[in-house]
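Student: for reference, the sequence and a predicted model appear below.
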Amino acid sequence: MAKKKVLLTGASGSMGGECFKELLRRRDHFDTVLLLRPSKKNRKAFAKYEGQEGIKIVWGDLSNPDDVLRAVNGVDHVLHPAAFISPAADHNPQLTKKTNYEGTKNIVEAIKRQPDNGDNVRLVMIASLAMYGDRLPPVQWIKVGDPLKPSVGDYYSVTKIAAERTVIESGLKYWAIMRQTFIAVPDLIGLMDPIMFHQPPNTHIEIITGEDAGYGLAQTLECPDDFYGRVYNMGGGPSCRIIYSDYLERFFKLFGMGGHRKVLPRNWFGIRNFHCGWFEDSWILNEYLGHWRQSYDDQVKQVEDTIPSFLRKAAKLAPGFIANPVAKVIMKTMAEPLKWLKNNDEEKIKAFFGSRQAWESIPGWDEYVVEEEENDRRTGKDPLTREYTLKDMKKLAESRGGECLSTEYVDIKSKLKWKCGFGHEFEATPRLILAGHFCDECMPPPWDWAAIARVDPAVAAFYYFNHDKNESQRVDYLYAPNERITL
């Protein structure tokens with residue numbers, strides 16, 4: 001039996017790198033094509049694979065259609081985890097657009113240029129949990145079909161939403177999308193970045209280890225046809241569900257600092273406008289892939305194993321009254337919210353706190369309590385697998401504050417005419433709307449969720465839980481004033 005040929009993008013990243021390891025383990029069944037940027041780092045890291053039997057490296061760029069076509073030609077599967085992610089993405093919207101949106105668009109077009117319009121090529125695209133936006137308690141549970149509402153300033157999410165829309169509406173016969181959660185890598189020190197202070201302490205996170213994420217992506221190669229034409233949430237399951245403050249506490253102690261509350265004041269963190277949550281439907285994907293292998297405890301052990309010996313010794317030797325003040329000084333330089341307040345950066349203050357007064361009223365850790373709660377909620381069937389009628393589509397549009405203007409319904413793959421609450425008319429397949437998308441013209445930039453929430457009940461349900469109905473904020477950017485993009 002002839003081996004299948006697999007194109008993998010993003011093999012230099014965390015998920016793509018682990019998937020490449022899995023493909024190497026399966027090289028008796030699959031030949032692998034890698035599309036990699038010809039950076040000095042990549043050239044060095046992948047030099048040993050050049051010329052190996054069953055491995056082909058295409059040095060190129062996702063934003064170049066010719067490079068993408070060279071990589072796609074002749075493959076049976078395309079696994080597409082490559083992305084330009086936050087926090088770097090927030091500061092370079094143009095590169096974010098080129099990589100995440102235009103790169104995906106080029107892959108779709110290259111598949112269509114294959115024999116039979118690409119009907120024999122199977123595409124799996126990795127999207128992002130971040131597309132759901134701010135989902136703090138009491139709305140921390142997330143499922144496919146919830147409205148996509150990227151946080152203010154999050155260009156990464158915006159470009160991922162546009163890329164996902166491109167795939168769903170592509171007309172390709174075989175595609176699947178996995179909305180990936182936070183991949184917890186062993187190199188915790190490498191994750192130390194100001195973005196850690198954007199997250200509210202009560203953020204609920206369903207992590208996944210890099211190994212499980214890569215394994216899951218490789219497992220899609222074994223999936224039956226009914227896996228395709230659907231959108232999934234990809235997390236690590238109940239054993240990987242944590243709260244951010246507990247995450248900080250555990251790792252601060254691991255590094256010998258006694259606990260984050262002794263180092264980081266509560267008001268150094270934002271209180272909204274981030275993302276993450278717990279998936280109530282990630283079990284659906286696990287039934288196909290069997291990727292729930294590792295837990296949060298396993299990830300902690302992975303981090304512990306990577307701590308350099310000199311840090312281990314320092315953690316044991318330095319008492320808390322020495323280590324904590326030093327750590328606090330270092331961390332304070334990364335606490336961006338303090339800089340926003342000092343510089344009176346009104347847009348960021350409003351996005352992450354609501355107002356300066358709201359920041360001033362943040363209580364200390366003594367008043368911070370997170371109650372025990374269930375962490376294994378599971379919903380029923382995937383919304384993209386049900387049978388629908390025109391009446392259902394009318395109700396769906398009404399739930400988004402709009403209308404379904406069509407008079408006939410064929411199936412979820414055939415486009416209908418819609419109108420949003422602002423009167424914008426557009427065409428889209430029912431499965432796009434069922435997956436949480438709606439009016440493309442209303443999607444950021446600019447970000448204007450206050451106005452949209454007034455006409456879209458689905459958005460309102462996930463907006464007013466931590467926004468006042470009288471407040472408003474319309475912004476084109478938060479981080480890159482000279483880098484506006486359109487999608």
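Tutor: Arrived safely.
Student: which of the helices or strands spans residue 379?
Tutor: Using DSSP states H and E, residue 379 is not contained in any helix or strand.
Student: roughly how far apart are residue 73 and residue 118?
Tutor: Separation of residue 73 from residue 118 (CB to CB, to the nearest Å): 11 Å. The C-beta positions use only the backbone N, C-alpha and C, and glycine is treated the same way.
Student: what number of residues lie near residue 258?
Tutor: Residue crowding around residue 258 was assessed by other CB atoms under 10 Å; the count is 17.
Student: so it touches residue 324, yeah?
Tutor: Yes - here residue 258 lies in contact with residue 324, judged by CB atoms under 8 Å, at a distance of 6.5 Å.
Student: where does the stretch 351-487 of the chain have low pLDDT?
Tutor: Along the stretch 351-487 of the chain, the model assigns pLDDT under 70 to residues 480-487.
Student: please repeat the previous calculation with a cut-off of 90.
Tutor: Within the stretch 351-487 of the chain, the set of residues satisfying pLDDT under 90 comprises 369-375, 379-382, 476-487.
Student: where along it do the helices fall?
Tutor: 356-360, 390-399, 430-434, 449-453, 457-461 (DSSP state H, counting those that start in this stretch).
Student: got the phi and psi for the closest residue to residue 173 other than its chain neighbours?
Tutor: Sequence neighbours aside, residue 119 is the residue nearest to residue 173 in space, at 4.5 Å (criterion: CB to CB, 6 or more residues apart in numbering). With angles defined as degrees, to the nearest 10, residue 119 sits at phi -70, psi -10.
Student: what do you get for residue 472?
Tutor: phi -150, psi 150.
Student: who's more crowded, residue 73 and residue 118?
Tutor: Set side by side, residue 73 and residue 118 show more neighbours around residue 118, with 23 against 14, by other CB under 10 Å.
Student: that one and residue 112 touch, don't they?
Tutor: Yes - with contact defined as CB under 8 Å, residue 118 reaches residue 112; the gap is 5.0 Å.
Student: and for these two, which residues touch both?
Tutor: residue 172 (CB atoms under 8 Å, 6 or more residues apart in numbering).
Student: hmm, back to that, from residue 6, how far off is the residue nearest to residue 173?
Tutor: Taken as CB to CB, the span from residue 119 to residue 6 is 17 Å.
Student: ok, those two, which is more surrounded?
Tutor: More crowded of residue 119 and residue 6, by other CB under 10 Å: residue 6, with 23 against 12.
Student: please work out how many residues are found near the spatially closest residue to the more buried one that is not a sequence neighbour.
Tutor: Among residues not flanking residue 6 along the chain, residue 77 sits closest, at 4.5 Å (CB to CB, 6+ apart). For residue 77, the neighbour count with other CB under 10 Å is 20.
Student: verify the stated contact: residue 77 with residue 125.
Tutor: No - under the criterion of CB under 8 Å, residue 77 makes no contact with residue 125, lying 12.0 Å away.
Student: which parts of the stretch 351-487 of the chain are strands?
Tutor: 403-404, 416-419, 425-428 (DSSP state E, counting those that start in this stretch).
Student: relative to residue 440, which of those is closest?
Tutor: Residue 440 sits nearest to strand 425-428 of all these, at 6.2 Å, using CB to CB.
Student: can you tell me the SS state at the closest residue to residue 11 other than its chain neighbours?
Tutor: Distance criterion CB to CB, 6+ apart; nearest residue to residue 11, sequence neighbours excluded, is residue 20 at 4.4 Å. Taking DSSP: H, G, I helix; E, B strand; the rest coil as the rule, one finds residue 20 in the helix state.
Student: contacting residues around residue 20?
Tutor: By CB under 8 Å, 6+ apart, residue 20 lies in contact with 8, 11, 32, 34, 214.
Student: next one: phi and psi at residue 265?
Tutor: Dihedral angles (degrees, to the nearest 10) for residue 265: phi -60, psi 150.
Student: about what we covered before: wait, which of the strands of the stretch 351-487 of the chain is closest to residue 201?
Tutor: strand 425-428 (37.8 Å).
Student: just checking: what are the partner strands of the closest one?
Tutor: Using DSSP bridges, the strands paired with strand 425-428 are strand 416-419 (antiparallel).
Student: any idea how far the strand it pairs with is from the middle of the chain?
Tutor: Strand 416-419 has its C-alpha centroid displaced from the chain centroid by 28 Å (CA atoms, centre = their mean, to the nearest Å).
Student: same check on stretch 97-109?
Tutor: That offset, for stretch 97-109, works out to 16 Å (CA atoms, centre = their mean).
Student: same check, this time on stretch 292-311
Tutor: The chain centroid and the centroid of stretch 292-311 are separated by 22 Å under CA atoms, centre = their mean.
Student: list of residues touching it?
Tutor: So stretch 292-311 is contacted by 184, 186-188, 207, 209, 211-212, 215, 236-237, 239-242, 250-251, 254-255, 286 (CB under 8 Å, 6+ apart).
Student: same check, this time on stretch 416-434
Tutor: Counting by CB under 8 Å, 6+ apart, residues outside stretch 416-434 touching it are 145, 165, 168-169, 229, 383-384, 388, 393, 396-397, 400-406, 409, 411-415, 437-442, 452, 454-456.
Student: got a ChimeraX select line for the buried ones in those?
Tutor: Only the buried entries of those go into this ChimeraX selection, using 16 or more other CB atoms under 10 Å:
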select :145,165,168,169,229,383,384,388,393,396,397,400,401,402,403,404,406,409,412,437,438,439,440,442,452,454,455,456
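Student: what is the burial count for the residue nearest to residue 42 when sequence neighbours are not counted?
Tutor: Nearest in space to residue 42, with sequence neighbours left out and distances taken as CB to CB, 6+ apart, is residue 36 at 5.0 Å. Residue 36 has 23 neighbouring residues, counting by other CB under 10 Å.
Student: deepest of the helices of the stretch 351-487 of the chain, which one?
Tutor: The highest mean neighbour count among the helices of the stretch 351-487 of the chain, using mean count of other CB atoms under 10 Å, belongs to helix 430-434: a mean of 23.
Student: would you turn the strands of the stretch 351-487 of the chain into JSON lines with distance to residue 161?
Tutor: Converted to JSON lines, the strands of the stretch 351-487 of the chain look like this (distance: least, CB to CB, whole Å):
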{"stretch": "strand 403-404", "distance to residue 161": "21"}
{"stretch": "strand 416-419", "distance to residue 161": "17"}
{"stretch": "strand 425-428", "distance to residue 161": "13"}
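Student: tell me which of those strands sits nearest to residue 175.
Tutor: strand 425-428 (15.7 Å).
Student: for the closest one, list the C-alpha coordinates in PDB.
Tutor: This file holds the C-alpha atoms of strand 425-428, laid out as PDB (Å, rounded to 0.1, in the frame of the first residue of the first chain):
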ATOM      1  CA  GLU A 425     -26.500  42.200   4.200                       C
ATOM      2  CA  PHE A 426     -24.200  39.200   3.400                       C
ATOM      3  CA  GLU A 427     -24.100  35.600   2.200                       C
ATOM      4  CA  ALA A 428     -22.900  32.800   4.300                       C
END
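Student: from residue 234, how far out is the residue nearest the centre of the chain?
Tutor: The centroid of the chain falls nearest to residue 128 when counting by CA atoms, centre = their mean (2.2 Å). Counting by CB to CB, the separation of residue 128 from residue 234 is 10 Å.
Student: overlap of the contact sets of those two?
Tutor: 179, 180.
Student: looking at the chain, which helix or strand is least sure?
Tutor: For the chain, counting by mean pLDDT, DSSP states H and E, helix 309-317 ranks last in confidence among helices and strands (a mean of 64).
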